[in-house]
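A.B. asks: attaching a predicted model along with its sequence, questions to come.
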Amino acid sequence: MICAGRRHLVRTLADLADQRGLELQSFLNAARHKEAGHPAPISSPGARSLLYDGEQVDAYLTGRPVPQIRSEDDDQDHDDDDLLDRREAAAVLGIAPRSFTTYKHHPLLTEHMVTVGGVEHWPRGIVHRYRDARPGRTAATGRPTGSGDQVPRDLLLPRTAPLLDADPTITAAAVVAALGVTRNTAQNALTRLRADRIADLVGQRPELSPDAAAVALGYPAALSRRATARALTVLRARAAAPYLDDVAAAAHRAGWTTETAPDVQLPGDDRVVAAIVLDGDQAPAPALVWDERYGWRTAASRRHPITRDTVPSPEGGGVRYLAGGITPPPSALIAALSA
């Protein structure tokens, strides 16, 4: 622990070696920091990078009494501005130090993290705030009913990705605890991220199946079944992307849309669907929808052209299926719509 107001006094082993005019390795070989009476490190027990209090070190080297400072184990009142390392912060939260690697990505902890002597620290008061705001242990299956996500939708994947980077075996429950989102939100984010990364690896190494790619990425089978299935859909979507872009460009040249790229979605994780909103004055329909199973159709709504139905939408009411197979040439599609 770095006591409040003493951050400027922190010294590393390299600092101690330099203070004695030694190279770091020579200092370590001589174990000068383990001499009788030498001040103990202020780092938590078991820390890899040792930090020391400069006032204590200076007193020791000049033969003066070494002043006492508070430690994490003291019964004295602690200060909210004390800086805790990973192990100490984990102890406050009642979790294993390794687990804190996931928890530390919560926005509150990320915002207030400081690096001292090359070691990450968090103010005690911030760690307490995070602890007190966390869902209770009963939240292992999700946040309390009716509570909303604490992470905006557009930031969900960027904030979940570092958690997956740190621990490929991370569960939805751990994401719930770290980010304060619902279990379904956490699970969906993990599925999307794992699926994209599986698809990326298969794209780089076509000899791999999605299941084999998941194993290579360290994703446990029990946590990646949905992701491997979605990865197949992602791969089909990527394969279809050039064709769909060509259709969008043709509709744009016809003056039917201001969009230059389709909106591609993966409903249910198992099919590829795309929509092109036709917002031009002379557009023949509100929107065009492509389904990898049925090809192209018109849609009656610009706002919601893609439906969640697993069966094809019936014709009528602004819906018309366009002949020509699943992937007719863009020019033929434009001609069919103009007829």
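C.D. replies: Yep, that arrived.

A.B. asks: need the helix or strand of the protein with the lowest average pLDDT.
C.D. replies: helix 100-103 (a mean of 81; mean pLDDT, DSSP states H and E).

A.B. asks: now the residue of the chain most remote from its centre, what are its backbone angles?
C.D. replies: Going by Cα atoms, centre = their mean, the residue of the chain most distant from its centre is Gly63, 51.0 Å out. When quoted as degrees, to the nearest 10, the phi and psi of Gly63 stand at phi 80, psi 10.

A.B. asks: gap between it and Pro210?
C.D. replies: Using Cβ to Cβ, to the nearest Å, we find Gly63 at a distance of 67 Å from Pro210. From N, CA and C alone the C-beta is placed, and that goes for glycine too.

A.B. asks: same deal with Gly37?
C.D. replies: Gly37 is 61 Å from Pro210, by Cβ to Cβ.

A.B. asks: my read is that Gly46 contacts Arg87, right?
C.D. replies: Yes. Counting by Cβ atoms under 8 Å, Arg87 is a contact partner of Gly46 at 6.4 Å.

A.B. asks: higher neighbour count, these two?
C.D. replies: More neighbours surround Arg87 than the other of Gly46 and Arg87, with 17 against 7 (other Cβ atoms under 10 Å).

A.B. asks: tell me where the model's unsure across this structure.
C.D. replies: Low-confidence segments of the chain, defined by pLDDT under 70: 73-77, 134-150, 308-312.

A.B. asks: how does it divide into domains?
C.D. replies: Structural domains annotated on the chain: 1-134, 135-219, 237-338, as defined by automatic domain parsing.

A.B. asks: right, and the helix or strand after whatever helix or strand Ala229 lives in?
C.D. replies: Element membership for Ala229 (DSSP states H and E) is helix 221-253. Later in the chain than helix 221-253, the nearest helix or strand by DSSP H and E is strand 263-265.

A.B. asks: what is that next one packed up against?
C.D. replies: Judged by 3 or more Cβ pairs under 8 Å, 6 or more residues apart in numbering; DSSP states H and E, the packing partners of strand 263-265 are helix 221-253, strand 273-277.

A.B. asks: quick check: buried residues in it?
C.D. replies: Asp263, Val264 (16 or more other Cβ atoms under 10 Å).

A.B. asks: likewise for stretch 266-273?
C.D. replies: Neighbour counts over stretch 266-273 (16+ other Cβ under 10 Å) mark Leu266, Asp269, Arg271, Val272, Val273 as buried.
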